[in-house]
Every structure is written in structure tokens, then in C-alpha cells.
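Asker: 3D model of this:
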Amino acid sequence: MTADRAFDAQAFNENLPGGRCAGRLAVRAGQLHFEGAGEAVDLPLAGLQLSLGGASDRLVFITHPALPAWQLYTSDHALLAESALAEHPAVQRLRQHRRKRRLLGWGSLATVLGLIVLLPLALYFSLDGLSAVVARRLPADWEQSLGETAIKQFRVQKTFMPDKTAEALLKPLVAPLVAQAGDRYRYHFHVINDPSLNAFALPGGEVVIHSGLILKATSPDQLQGVLAHEISHVTEQHGLRSVIKSVGVYAVAQALIGDASGLIAAVAGAAPMLINQKYSRDFEREADRAGFDLLTRAQINPGGLIGFFRTIREEERKQLKQLGDADAQDAARGAMAYLGTHPDTDERIAKLQARLAKLPAQTWRDDRAAFAALKAQVQAFVNTPE
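Answerer: I've put the predicted structure just below:
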């Protein structure tokens, strides 16, 4: 073969030893010249047929209709860059095909990289919804055990009204709500000696009411409104969902596909954080909506919840007005814990009022006697020296 640039190639022909041989391929004088195993063949460039094949199209197959007994191929794609083949229609088609494959490859790589980056972000911003899906898969017993553990730990910090006394006093007030809240949870209501206007719920149905909130409420439906809101935190699994969200995207994703080991470990150790956790504003709004619905199903006037919001809002303003510096006002907001952990009160009141205005006229429950008995006992409870 002359000094023309040559490329390693393979040839198939029945006259070759074993029907095939290795050789060299070159473009020469308007032909594609192959030499190997003592044989040579020239394929005219006119009418030359080329195609890609093999793994990832790494081979260039060459045939010519005038010499059908010969089939050549080379893995050296530099052949396609030969100037004599630059304008050859078959070569141009192959180049176009290779460009499309490269673009497709880059597009696929970009898609994969995008998914690697975007999928965690999508999961993160979908955590609210995903946490709800995962939470529904966990047994109610887990939630109940988690709530009971948190209550046991909380008892060493606060003075509880004896459980039997609190349950008996609260039963007439909470029974209508519990009856309408579904049967997934067994609710336990606790009263603690704490002057702040607060109440909170734990996973599984543990509900804690501060004595200050009971004594400040002016009607049973105000207290029942707050309790409906807290019960809704339980039914909507906000405590458990907050724990699940804190575990992280990958643990939630693993749980969704069946491996809940990381999530289980996190939930099992989450009791201490439940007491002081603050729900997101979306969770609070959800509890407002669900609580409103629960009140109406229980035939309790939802206007009581609105009234209580107004009461504690005015109480907060009054206390803040009496204070001068910012530090003192921050301390007061801490004492007014119920408002301090919730969304804008005016917004909540407006939304509840809008819903209340759409309700048809009806007769609501009257639990004033039970409420008066509760307040009297709570007052005696807080007046009793520890």
C-alpha cells in the first residue's frame, strides 16, 4: 500500500482464508482500496454504501452493490474525515447520524444530572404531602406510644391535675368532639398548672390544656373551639408529620419505597422534641379548617373559637402595652404562647368569620354547666399550694 493514509479494517469474502481477514484500508484515486491476506479489492466511491453498527455504533460497515461478495468494516472513524469522502452522500448521512447521537447523549446526560439535582429539591418542596402519605402508613399504636412517652417526660416539668379528675370534668365538653373525630385514636385530655394561654396536642391523641387558657375562656364553646383545633392537629397527624419532615428527604423517600428503618429510628427518638415543637403556618391553617368542621359536626358553635382568638389577642395587646422595652415584650409574647406559635390572628379570625357567615341558622349545644364546674375546679387546682 502506498503512503496514503491507511486504516485498520476487516474484510469478509469467501475467497479469503476462513472467509475473513484483517488488513488496511485507504482512499485512493476515487476508490476505497483494501489489502489483506494477499488479497486486494477496490470499491468505487460512487455508489459506496456505509452504515454504523456494533456496540454504540463504533464500527463503520462498508459495501458496494457492484461487489456484493465483499464486506468491509473498520473501527477507525477517522476514515470518515478523509477529504475525498467529505462530500460523499453516505458519509454526510453518517456524520449527521453521529451528531444526532451526540446531541441525544448530551441531552440524556443533562436529563440525568437534572434529575439528580432537581429530584431532591422536588422531594423537599413536596415534604408536606409526602409526610402525610408516610404518616398514614404508620400504625396508630406508634403514634400513641410516641405521645405517651412525651407526656411521661413532660410530667416531670409541670404539675398535672389528677388525670381522673381532669378526665371527668372535661368529658362532657370533649365527648361531642371525640365522637365526631373518628376512631383511629384514643384521646386523653390533661390539665396542667400554667398561667399561659396555651394548649397543645401530641401524636396519638394526648391533649394538654394550660389552666390559664381554661380560666381565661369566657364560654364553653371558646374552650371547645381550641380543643377542636388541637384534636385536628392529631387527626391530621401534624406532630408525626413534623417529625417525619425533620428526618430528611432521603429517609422519607426510602420509606415511600418500602425501607422505613431510618424513619422508624427517628420517630422512636422524637418524643423530647414534640413538647416544644411549633407547627408550620400551613398546619395551623389546616387545623383551623378541620377544627371548624369538627365543631359544626359536634353541634358546637364555631364562633366560640373566633371569640377566644379575640380574647387572647386583646390580652396580648394589653400586656404588651404595659411593657416598655423590646426584651420585656418578647418575654410577654412567650407567655402568650398560644398566639406566639400561630399564624396571624386577624387573618385566622377573618377566615373563620367568613365560613361562619355561610352556615345556616341552627341551635348549638349548651355546655355552660359543665364549663362552670371545670373552671371552678381548675381555679381550686391552681390555688392549691404544690
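Asker: Counting residues, which strand of this structure comes out longest?
Answerer: strand 20-28 (DSSP state E).
Asker: packing partners for it?
Answerer: strand 6-12, strand 31-36, strand 39-44 (3 or more C-beta pairs under 8 Å, 6 or more residues apart in numbering; DSSP states H and E). All C-beta spots, glycine's among them, are computed from the backbone N, C-alpha and C.
Asker: How far off centre is it?
Answerer: 61 Å (C-alpha atoms, centre = their mean, to the nearest Å).
Asker: Sheet-wise, list the partners of that strand with their directions.
Answerer: Here strand 20-28 has these sheet partners by DSSP bridges: strand 6-12 (antiparallel), strand 31-36 (antiparallel).
Asker: what sits against residue 161?
Answerer: Contact analysis of residue 161 by C-beta atoms under 8 Å, 6 or more residues apart in numbering lists 190, 191, 192, 193, 211, 377, 378, 381.
Asker: Now rank those by neighbours and give me the top one.
Answerer: residue 191 (28 neighbours; other C-beta atoms under 10 Å).
Asker: for stretch 28-37, what is the average pLDDT?
Answerer: Mean pLDDT, computed over stretch 28-37, is 90.
Asker: Also stretch 272-285?
Answerer: Stretch 272-285 comes out at a mean pLDDT of 81.
Asker: try stretch 168-178
Answerer: For stretch 168-178, mean pLDDT rounds to 98.
Asker: centre of the chain versus it, how much separation?
Answerer: 35 Å.
Asker: now stretch 367-381
Answerer: Using C-alpha atoms, centre = their mean, the offset of stretch 367-381 from its chain centre is 43 Å.
Asker: Quick one: residues in contact with it.
Answerer: 161, 165, 169-170, 172-173, 191, 193, 211, 214-215, 217, 219-221, 223-224, 300.
Asker: Export only the CA atoms of stretch 185-198, formatted as PDB.
Answerer: Provided in PDB are the C-alpha atoms of stretch 185-198 (Å, rounded to 0.1, in the frame of the first residue of the first chain):
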ATOM      1  CA  TYR A 185     -57.100   7.500  68.200                       C
ATOM      2  CA  ARG A 186     -57.900   7.200  71.900                       C
ATOM      3  CA  TYR A 187     -57.900  10.700  73.300                       C
ATOM      4  CA  HIS A 188     -56.600  11.700  76.700                       C
ATOM      5  CA  PHE A 189     -57.000  15.300  78.000                       C
ATOM      6  CA  HIS A 190     -54.700  16.700  80.600                       C
ATOM      7  CA  VAL A 191     -54.900  20.000  82.600                       C
ATOM      8  CA  ILE A 192     -51.600  21.500  83.900                       C
ATOM      9  CA  ASN A 193     -51.000  24.400  86.200                       C
ATOM     10  CA  ASP A 194     -49.600  27.000  83.800                       C
ATOM     11  CA  PRO A 195     -51.000  30.600  83.600                       C
ATOM     12  CA  SER A 196     -50.100  31.000  79.800                       C
ATOM     13  CA  LEU A 197     -52.900  30.800  77.300                       C
ATOM     14  CA  ASN A 198     -51.900  27.700  75.600                       C
END
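Asker: Can you list the buried residues in it?
Answerer: 185, 187, 188, 189, 190, 191, 192, 193, 194, 196, 197, 198 (16 or more other C-beta atoms under 10 Å).
Asker: Can you classify residue 208 by secondary structure?
Answerer: strand (DSSP: H, G, I helix; E, B strand; the rest coil).
Asker: if I pick it, what's in contact with it?
Answerer: In this structure, residue 208 makes contact with 151, 154, 190, 191, 192, 199, 200, 201, 202, judged by C-beta under 8 Å, 6+ apart.
Asker: which stretches of the stretch 1-150 of the chain aren't confidently modelled?
Answerer: By pLDDT under 70, the low-scoring segments of the stretch 1-150 of the chain are 1-3, 120, 123-125.
Asker: Lovely, talk soon.
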